[in-house]
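Chemist: Predicted model follows, preceded by the sequence.
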Protein chains: 2
Amino acid sequence: MKHVQDTLPPYVKIENGELWLTEDDRENLKISYRIKDIIFSEPSEFQHVMILDSYDFGRMLVLDGVVQTTSIDGHIYNEMISHIPLQLHPAAKKVLIIGGGDCGAAREAAKYPHLEEIHMVEIDEKVVQACKAHLQEVSGNLSDPRVKFIYDDGVAFVKEHENEYDVIIIDSSDPVGPAEALFSRDFYANVRRALKDDGLMVCQSQSPIFHLDILRRTYNNIGELFPHVKVYTATVPTYPGGLWSFTIGSTKPLALPEKATIPADTKYVNEGILKQCFELPQFLKTALEK
Amino acid sequence: MKHVQDTLPPYVKIENGELWLTEDDRENLKISYRIKDIIFSEPSEFQHVMILDSYDFGRMLVLDGVVQTTSIDGHIYNEMISHIPLQLHPAAKKVLIIGGGDCGAAREAAKYPHLEEIHMVEIDEKVVQACKAHLQEVSGNLSDPRVKFIYDDGVAFVKEHENEYDVIIIDSSDPVGPAEALFSRDFYANVRRALKDDGLMVCQSQSPIFHLDILRRTYNNIGELFPHVKVYTATVPTYPGGLWSFTIGSTKPLALPEKATIPADTKYVNEGILKQCFELPQFLKTALEK
């Protein structure tokens, strides 16, 4: 494989004859991944979409130069954002996923035979196509007939739906660019309206270490709109700081099922993780109690 | 602050007029920290010791160019390696810490008034002096009279002690350079001999993501020497992959105390964390069962 800098996509640089992706979204911390090959690289209407094959993390989805998910650890995030809410609402039939273009959350949800419809609203079709074609470790080349792909703006979509979904999963990228509106109070209010009376929502709510302000704002917004709100965490190695947070809003009290029904082939989630993920480090408990 | 490359310690580079530390201990993943100032930089008999002031993590202890602990997250590691074993052995009186030059583990142990003696055996006095002088967010400038500093090789030290300690904490750096022998089966056998009949040991056992081989070997070695062995995890943001493992070996069955007695001022550990840290992700449970 021979590359010259002029023919490379932005974000990928040649250093000492090796290809490196350096995330440049942070001022004071740079993470650089050595790359074997560029599998896919195209600008979409919304962002620059790449699938890169890296040495340490296998294939990775990279949007505007920032790693979103990888073959090595994508399952951690996707299992945590789907199985936890679906275990808390074992009677769910109709699920909405907003974002989640890597298809991993929809793939996990589709492991529950009792679900009847899984709607996936992703703004960027190119992300879905790239992941289905080139990142099957995450997407599983998802083709379950219950999964309906809708290429639309999630913010506009939820406004038009009322009392329809049992579970809404907000699987957004960081709150800059296309995903910014998915962190607003107005959006969560519309999500609540789109849920059935006994429904619940979950969103990824960023790093408790580096973005505690965003997590607290999200927790407070959801807490004002839903009578029950809870934060849980997992360790996602390719996200800065490792520790990642998810926030659940629910109309009903949140309780673990007496008997967990986690699909047999998970790699991260199990019955112990289902319980332990709600036990927060002291600094985070204190920050959320304020 | 003006710097020219020639006067800088190794590992710190000037890029576009800014100071950056780039960890170079991994081939395919580079993490670079933007640095405000170099507080301390001297070679010791064993390694190159630096205290750097970074933008995102505050002051950091850096050995041979690799970040060991930081003001921002040093407490997570130090609380987890000390409070978990001390909660599991609430009657402990005499504790040995091997390594732990940043003084953080000894500082946490010293929060238990019932401990009578805390021996800290660190090979490199320069690390202790640098951390006590320049990294007080981690070291607390520890000066508790029960803490005895012994500058010696931990491997040789444990050979000379028998049936003496209630708890031994092995707070080593990575298994390259001075710490390599602290991961060997012979060393753990001597640790067992240095423990009282009802004693227990804990060691840091590396990343379950990037060094699963080391964790499994450690788990198997300790499991052959002690009738009871358990792994627990925590998320330490500045360690690669975030997820970090600790392994406990005990002569008695391991059971959480009915009433936890965690000191009031912890930032990470609380009663929930004490329970949840033993609930392992499925891939790790499977790997350890093999």
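Modeler: The structure has been received and is ready for your questions. Numbers count the residues shown, from 1 in each chain, chains lettered A, B, ... in the order given.
Chemist: C-alpha only now, for contacts and for neighbours.
Modeler: Will do.
Chemist: What residues does the stretch 51-200 of chain A have near chain B?
Modeler: Within the stretch 51-200 of chain A, the positions adjacent to chain B are A:55-56 by C-alpha under 8 Å from any C-alpha of the partner chain.
Chemist: For the stretch 51-200 of chain A, which segments count as strands?
Modeler: For the stretch 51-200 of chain A, the strands defined by DSSP state E, counting those that start in this stretch occupy A:58-63, A:66-70, A:94-99, A:117-122, A:147-151, A:165-171, A:195-204.
Chemist: looking at these, which is buried most?
Modeler: strand A:165-171 (a mean of 27; mean count of other C-alpha atoms under 10 Å in any protein chain shown).
Chemist: how far away is the residue nearest the centre of chain A from chain B?
Modeler: In chain A, the C-alpha nearest the mean C-alpha coordinate belongs to residue A:171, at 3.6 Å (C-alpha atoms, centre = their mean). Going from residue A:171 to chain B by C-alpha to the nearest C-alpha, to the nearest Å gives 21 Å.
Chemist: doesn't residue A:98 make contact with that residue?
Modeler: Yes: in this structure, residue A:171 is within contact of residue A:98 by C-alpha atoms under 8 Å, at 5.8 Å.
Chemist: quick one, what contacts the residue nearest to the centre of chain A?
Modeler: Applying C-alpha atoms under 8 Å, 6 or more residues apart in numbering or on different chains to residue A:171 gives the contacts A:81, A:97-100, A:105, A:203-204.
Chemist: what pairs with it across the strands?
Modeler: Residue A:171 has these beta-bridge partners by DSSP bridges: residue A:99.
Chemist: One more: residue A:62?
Modeler: Where residue A:62 sits in a bridge, its partners, by DSSP bridges, are residue A:50, residue A:67.
Chemist: Tell me where chain A has helices.
Modeler: A:74-88, A:104-109, A:125-134, A:136-139, A:154-159, A:185-194, A:212-225, A:271-276, A:282-289 (DSSP state H).
Chemist: contact partners of the fifth one?
Modeler: Residues from elsewhere that reach helix A:154-159, judged by C-alpha under 8 Å, 6+ apart: A:98-99, A:121-123, A:181-182, A:187, A:190-191, A:194.
Chemist: With just CA atoms, put that helix into CSV.
Modeler: Coordinates of each C-alpha in helix A:154-159 appear next as CSV, following Å, rounded to 0.1, in the frame of the first residue of the first chain:
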residue,chain,number,x,y,z
GLY,A,154,-34.5,12.9,14.7
VAL,A,155,-35.6,16.2,16.1
ALA,A,156,-38.3,16.7,13.5
PHE,A,157,-39.3,13.0,13.6
VAL,A,158,-40.2,12.9,17.3
LYS,A,159,-42.3,16.1,17.0
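Chemist: and it, how far from the chain's centre?
Modeler: Helix A:154-159 sits 17 Å away from the centroid of its parent chain (C-alpha atoms, centre = their mean, to the nearest Å).
Chemist: Could you do stretch A:126-134 as well?
Modeler: 16 Å.
Chemist: Likewise for stretch A:243-251?
Modeler: With C-alpha atoms, centre = their mean, you get 12 Å for stretch A:243-251.
Chemist: Please write out the alpha-carbon positions of that stretch in CSV.
Modeler: Provided in CSV are the C-alpha atoms of stretch A:243-251 (Å, rounded to 0.1, in the frame of the first residue of the first chain):
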residue,chain,number,x,y,z
LEU,A,243,-15.9,6.1,31.7
TRP,A,244,-19.1,6.9,29.9
SER,A,245,-22.6,7.8,31.1
PHE,A,246,-26.1,7.1,30.0
THR,A,247,-29.2,8.7,31.4
ILE,A,248,-32.7,7.1,31.6
GLY,A,249,-35.9,9.0,32.0
SER,A,250,-39.1,7.1,32.9
THR,A,251,-42.7,7.7,33.7
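Chemist: Turn the helices of chain A into CSV, columns for distance to residue A:237.
Modeler: As requested, the helices of chain A are exported to CSV (distance: least, C-alpha to C-alpha, whole Å):
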stretch, distance to residue A:237
helix A:74-88, 9
helix A:104-109, 17
helix A:125-134, 20
helix A:136-139, 15
helix A:154-159, 27
helix A:185-194, 28
helix A:212-225, 18
helix A:271-276, 17
helix A:282-289, 19
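Chemist: Ranking the ones you listed by mean neighbour count, which comes first?
Modeler: Mean neighbour counts for the helices of chain A (mean count of other C-alpha under 10 Å) peak at helix A:104-109, with a mean of 26.
Chemist: Now tell me what touches that one from outside.
Modeler: By C-alpha under 8 Å, 6+ apart, helix A:104-109 touches A:74-75, A:78-79, A:81-83, A:86, A:97, A:100, A:115, A:118, A:120, A:138-140, A:142, A:147, A:171.
Chemist: and with 7 Å instead?
Modeler: If you take C-alpha atoms under 7 Å, 6 or more residues apart in numbering or on different chains as the criterion, helix A:104-109 is touched by A:78-79, A:81-82, A:138-140, A:142.
Chemist: Using CSV, please lay out these together with distance to residue B:90 and pLDDT.
Modeler: Putting the contacts of helix A:104-109 into CSV (distance: C-alpha to C-alpha, whole Å; pLDDT from 0 to 100) gives the following:
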residue, distance to residue B:90, pLDDT
A:78, 39, 97
A:79, 37, 98
A:81, 37, 98
A:82, 39, 98
A:138, 45, 93
A:139, 48, 92
A:140, 48, 90
A:142, 51, 83
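Chemist: out of the residues you listed, which one sits closest to chain B?
Modeler: Set against chain B, the nearest of those by C-alpha to the nearest C-alpha is residue A:79 (11.2 Å).
Chemist: pretty sure the closest one contacts residue A:273?
Modeler: No: using C-alpha atoms under 7 Å, residue A:79 makes no contact with residue A:273, being 10.9 Å away.
Chemist: residue ranges with poor pLDDT in the stretch 1-150 of chain A?
Modeler: A:1-3 (pLDDT under 70).
Chemist: now the end-to-end length of stretch A:166-177.
Modeler: Distance between the two ends of stretch A:166-177: 28 Å, counting by C-alpha to C-alpha, to the nearest Å.
Chemist: Any idea how far that stretch is from the middle of the chain?
Modeler: Worked out by C-alpha atoms, centre = their mean, stretch A:166-177 lies 6 Å from the chain centre.
Chemist: Same question for stretch A:154-168.
Modeler: 18 Å.
Chemist: Stretch A:23-39 now?
Modeler: Distance, centroid of stretch A:23-39 to centroid of chain: 20 Å (C-alpha atoms, centre = their mean).
Chemist: for residue A:117, which residues make a bridge with it?
Modeler: Beta-bridge partners recorded for residue A:117 (DSSP bridges): residue A:94.
Chemist: quick one, what contacts it?
Modeler: A:93-95, A:146-147.
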